[in-house]
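# Got a predicted structure here, sequence first:
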Amino acid sequence: MSEIIEKRIGRYETLLKEMWAASSKYLGTFSVNLLVERVVWEVSLEYKEIELLQYDQNGISCAKMAAKLEENPDLPVEDMFIKFITRYVEILARLLGHERAEEIKKKLDEEFAGDPAASREE
Amino acid sequence: MKRLITGIKNLDYILGGGIPAYSLNIISGSPGSGKTIFVQNIIFNNARNGLKSLYLTTISESQLKMVRHLQDFEFFSDDLLGDRVIYGDLGAVLRRQGASEGLDYLTQMIKEHLPNIVVIDSVKVIRDLFPDEKTFRSFIFELAAVLSIWEITAFLVGEYEEQELTRLSEFAIADGIFHLYGQEEKRFQKRYMRVLKMRGTSFQHGEHLFQIGPVGIKVYPRMRPEGEELRYDVKLGRKEFGICGLDEMLCGGLLEGTITLISGATGTGKTMFALKFLLEGAEKGERGIFLSFEEPVDQLQNTARCLGWEIDKYLAEGQLEIKFISPVELDVDKHAFEILDMIGEKKVERLVIDSISSFESSVTDIQKYRDYLWAIGQQLRRRHVTTILTVLNEDLFSPLIVSRAQLSLITDNIIILRYVEDNSSIRKVLGVLKTRGSDHDKSLREYEFSPEGINVLGRLDKADMLK
């Protein structure tokens, strides 16, 4: 995998893993898995490639996505991930209440200061 | 917290504003207890507000019967079927393909319709498809997780007996449990509901009466004395009867917002004293309600006319309202709540309940009756409604016995009406036994009814007239 692709995907993968960990604290891994499944389905209506996201109760991985990006560097991964993350946090806010969701967003902001995906408003 | 408003009269009040959104609720009860109508009423009410419901049956053919039975209810609407209320058959999938496929089918239906509410009727049937408790529990757990992640408020309907509610695993997983049941009482077949559990919100415990009528379900919350200390502003204004001698004995009338008991034997005129109190209020622009459990409206009007009172005028103007409820039809669970509802709606300042004895005779449980009286008393005081309760004293010439069931404890003032013998004739006397927060005349005074109304005469000066 090229260094550029690794960098493009890597930061999102780290972000998703952080999101996973932060939200499983409240929802439990079983429900987080279901939430990812729901968001993947919703985002797939616009970006089919999101289905390449690998997830189970142990966590989330972007390995297949990275391989696909290698084949097709024009994949709009940034838009796709931003949409995924935004939607994920939106639902989380409704499920847990805005206070809890804000805590998670704040944590992500701290971890990824300056990353547009992490600080994007709902 | 976001809530699902049921739209069922008084149910949202019991639930502190509605059912917490995305919760999993079990509606339990024996066949015929009203479970299906209860849930259908909620989903059609919500469909009118734009929410979508998915109703999954577990027995084939039941949808046809269900829709046929619902057509007579006002909440039902053909227009909402298929658009906002969608039916599906989960039972067939579960029977043919197993639990895992059932959840996939459910998820597929959710993706297709994106419902806000999902109903599974009946979950008890699903339970029977599982080989053991463990696998069923696991299914319910997964079901609950799927539904909440999709932001769905769910209702699982089931024919459960009360003893199953603490034993079966689905009740441990559920966020809310509504138990519906019927009960034979003296004269009525009654329906009750209890909210046994509702995570994430406070709710009113205990049994609440509900009725199924043409509009759907209507709940009558349990009347209960409130646990916290009763606090209300004491008002020092007086409410007169407009009966000269009596108002003098009361040092100007009854204190505003107090509860007065008028106790007397049959024929002593309790009803007329109470009615005059309302007419005097109407004359001063204060709205009054007379709840009669004994005399119909016509009869009260006639008697009032004979006493020269302008009852027709005040009835026509709406200053006075007489509501007659036949004692045969009196249902304290329902009417006690309706009385308070009516008082709030119509901004009533004076209220008469004639007689409280009818209330007593309609309740089998004396403790329940006391609870009702306390609850009503508290509510009336809070609302500053000056109230008269009449009570029948069954012993014509009794000494000053007031009433049973510690009724006198909830009342601030007590007026007694009684017969006395005077040589070979019978006379009527009245006395004020108690006025809380005020002085009063302790004498017994004779009174009479005439075409000019009620005349309070002189003091009774012969002590030997009292038996």
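Good, I have the coordinates.

# For chain B, what's its nearest residue on chain A.
The minimum distance from chain A to chain B, using C-beta to the nearest C-beta, falls at A:Leu34 (4.2 Å). No exception for glycine: its C-beta is placed from N, CA and C like everyone else's.

# Report pLDDT for that residue.
Confidence at A:Leu34, expressed as pLDDT, is 94.

# Residues of chain A that sit close to chain B?
Taking C-beta under 8 Å from any C-beta of the partner chain, the part of chain A that reaches chain B is made up of A:30-31, A:34-35, A:38, A:41, A:91, A:94-95, A:97.

# Highest neighbour count among those residues?
When neighbours are counted by other C-beta atoms under 10 Å in any protein chain shown, A:Leu35 leads the residues of chain A next to chain B with 25 neighbours.

# Excluding chain neighbours, what is closest to that residue?
B:Ile149 (5.1 Å; C-beta to C-beta, 6 or more residues apart in numbering or on different chains).

# same thing with B:Met1?
Nearest non-adjacent residue to B:Met1 (C-beta to C-beta, 6+ apart): B:Pro20, at 5.7 Å.

# Number of residues surrounding the one you found?
Neighbour tally, B:Pro20, other C-beta under 10 Å: 20.

# Roughly how far does B:Val118 sit from chain A?
Distance of B:Val118 to chain A, computed by C-beta to the nearest C-beta, to the nearest Å: 14 Å.

# and B:Glu446, what does it touch?
B:427-429, B:456-458, B:460 (C-beta atoms under 8 Å, 6 or more residues apart in numbering or on different chains).

# ditto for A:Glu46
A:Lys83.

# B:Ile311 now?
B:275, B:279, B:300-301, B:304-305, B:320.

# So for chain A, the centremost residue is which one?
When chain A is reduced to its mean C-alpha position, the closest residue under C-alpha atoms, centre = their mean turns out to be A:Leu16, at 3.9 Å.

# Let's verify that one: helix, strand, or coil?
For A:Leu16, the assignment made with DSSP: H, G, I helix; E, B strand; the rest coil gives helix.

# Now the spatially closest residue to it that is not a sequence neighbour: which helix or strand?
Leaving aside its sequence neighbours, A:Leu16 sits nearest to A:Ile60 (C-beta to C-beta, 6+ apart; 5.0 Å). If you go by DSSP states H and E, A:Ile60 is part of strand A:59-61.

# Show me what counts as buried in the next helix or strand after that strand.
Downstream of strand A:59-61, the first helix or strand assigned by DSSP H and E is helix A:63-71. Buried residues in helix A:63-71, counted by 16 or more other C-beta atoms under 10 Å in any protein chain shown: A:65-66, A:68-69.

# can you check stretch B:131-142 too?
For stretch B:131-142, the neighbour count (16+ other C-beta under 10 Å) marks B:136-137, B:139-140, B:142 as buried.

# go on, stretch B:422-429?
The neighbour-count check on stretch B:422-429 (16+ other C-beta under 10 Å) flags B:427-429 as buried.

# Residues contacting stretch A:24-37, please?
Contacts to stretch A:24-37, defined as C-beta under 8 Å, 6+ apart, come from residues A:20, A:23, A:53, A:55-58, A:60, A:88, A:91-92, A:95-96, A:100, B:142, B:145-146, B:148-149.

# please redo it, this time with the cut-off set to 7 Å
Contacting residues not belonging to stretch A:24-37 are listed as A:20, A:23, A:55-57, A:60, A:88, A:91, A:96, A:100, B:145-146, B:149 [C-beta atoms under 7 Å, 6 or more residues apart in numbering or on different chains].

# one step back: show me what contacts the residue nearest to A:Leu16?
Taking C-beta under 7 Å, 6+ apart, we find A:Ile60 in contact with A:16-17, A:20, A:36, A:53.

# Going through those, which ones are buried?
By neighbour count, with 16+ other C-beta under 10 Å, those hold A:16, A:20, A:36, A:53 as buried.

# and which of those residues is nearest B:Phe210?
A:Val36 (41.6 Å; C-beta to C-beta).

# could you give the mean pLDDT of stretch B:269-287?
The model assigns stretch B:269-287 a mean pLDDT of 95.

# Please save the CA atoms from that stretch in PDB.
Extracted C-alpha coordinates of stretch B:269-287, given in PDB (Å, rounded to 0.1, in the frame of the first residue of the first chain):
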ATOM      1  CA  GLY B 269     -82.800  19.900  53.500                       C
ATOM      2  CA  LYS B 270     -79.100  19.200  53.000                       C
ATOM      3  CA  THR B 271     -79.500  19.400  49.300                       C
ATOM      4  CA  MET B 272     -81.300  22.800  49.500                       C
ATOM      5  CA  PHE B 273     -78.700  24.300  51.800                       C
ATOM      6  CA  ALA B 274     -76.000  23.200  49.400                       C
ATOM      7  CA  LEU B 275     -77.900  24.400  46.300                       C
ATOM      8  CA  LYS B 276     -78.500  27.800  47.900                       C
ATOM      9  CA  PHE B 277     -74.800  28.100  48.500                       C
ATOM     10  CA  LEU B 278     -74.200  27.700  44.700                       C
ATOM     11  CA  LEU B 279     -77.000  30.100  43.800                       C
ATOM     12  CA  GLU B 280     -75.500  32.700  46.100                       C
ATOM     13  CA  GLY B 281     -72.200  32.300  44.400                       C
ATOM     14  CA  ALA B 282     -73.800  32.500  40.900                       C
ATOM     15  CA  GLU B 283     -75.400  35.800  42.000                       C
ATOM     16  CA  LYS B 284     -71.900  37.100  42.700                       C
ATOM     17  CA  GLY B 285     -70.500  35.800  39.400                       C
ATOM     18  CA  GLU B 286     -68.800  32.800  40.800                       C
ATOM     19  CA  ARG B 287     -69.200  29.600  38.800                       C
END
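
# List the buried residues in it.
For stretch B:269-287, a neighbour-count test (16+ other C-beta under 10 Å) marks B:269-283, B:286-287 as buried.

# What about those residues, which are in helices?
Secondary structure from DSSP state H places B:270-283 of the buried residues of stretch B:269-287 in helices.

# Let's have those residues in CSV, adding distance to B:Val118.
Formatted as CSV, these follow (distance: C-beta to C-beta, whole Å):
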residue, distance to B:Val118
B:Lys270, 57
B:Thr271, 55
B:Met272, 59
B:Phe273, 59
B:Ala274, 54
B:Leu275, 55
B:Lys276, 59
B:Phe277, 55
B:Leu278, 52
B:Leu279, 57
B:Glu280, 58
B:Gly281, 53
B:Ala282, 54
B:Glu283, 59
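
# and of those, the nearest to B:Tyr105?
Of all those, B:Leu278 has the smallest distance to B:Tyr105: 63.4 Å, by C-beta to C-beta.

# Surely that closest one and B:Glu349 touch.
No. Applying C-beta atoms under 7 Å, one finds B:Leu278 not in contact with B:Glu349, separated by 9.7 Å.

# Alpha carbons of the helix or strand containing B:Ala47, as CSV, please.
Applying DSSP H and E as the criterion places B:Ala47 in helix B:35-48. Included here for helix B:35-48 are C-alpha records, laid out as CSV according to Å, rounded to 0.1, in the frame of the first residue of the first chain:
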residue,chain,number,x,y,z
LYS,B,35,-53.8,-4.9,24.6
THR,B,36,-54.2,-4.7,20.8
ILE,B,37,-56.6,-1.8,20.9
PHE,B,38,-54.2,0.0,23.3
VAL,B,39,-51.3,-0.3,20.9
GLN,B,40,-53.3,0.4,17.8
ASN,B,41,-54.7,3.5,19.4
ILE,B,42,-51.1,4.7,20.1
ILE,B,43,-49.9,4.0,16.5
PHE,B,44,-52.8,5.6,14.8
ASN,B,45,-52.5,8.7,17.0
ASN,B,46,-48.9,8.9,16.1
ALA,B,47,-49.6,8.2,12.4
ARG,B,48,-51.7,11.4,12.5
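
# What residues of that helix count as buried?
B:35-47.

# what does stretch A:95-107 give?
Under 16+ other C-beta under 10 Å, the buried positions of stretch A:95-107 are A:95-96, A:100-101, A:104-105, A:107.
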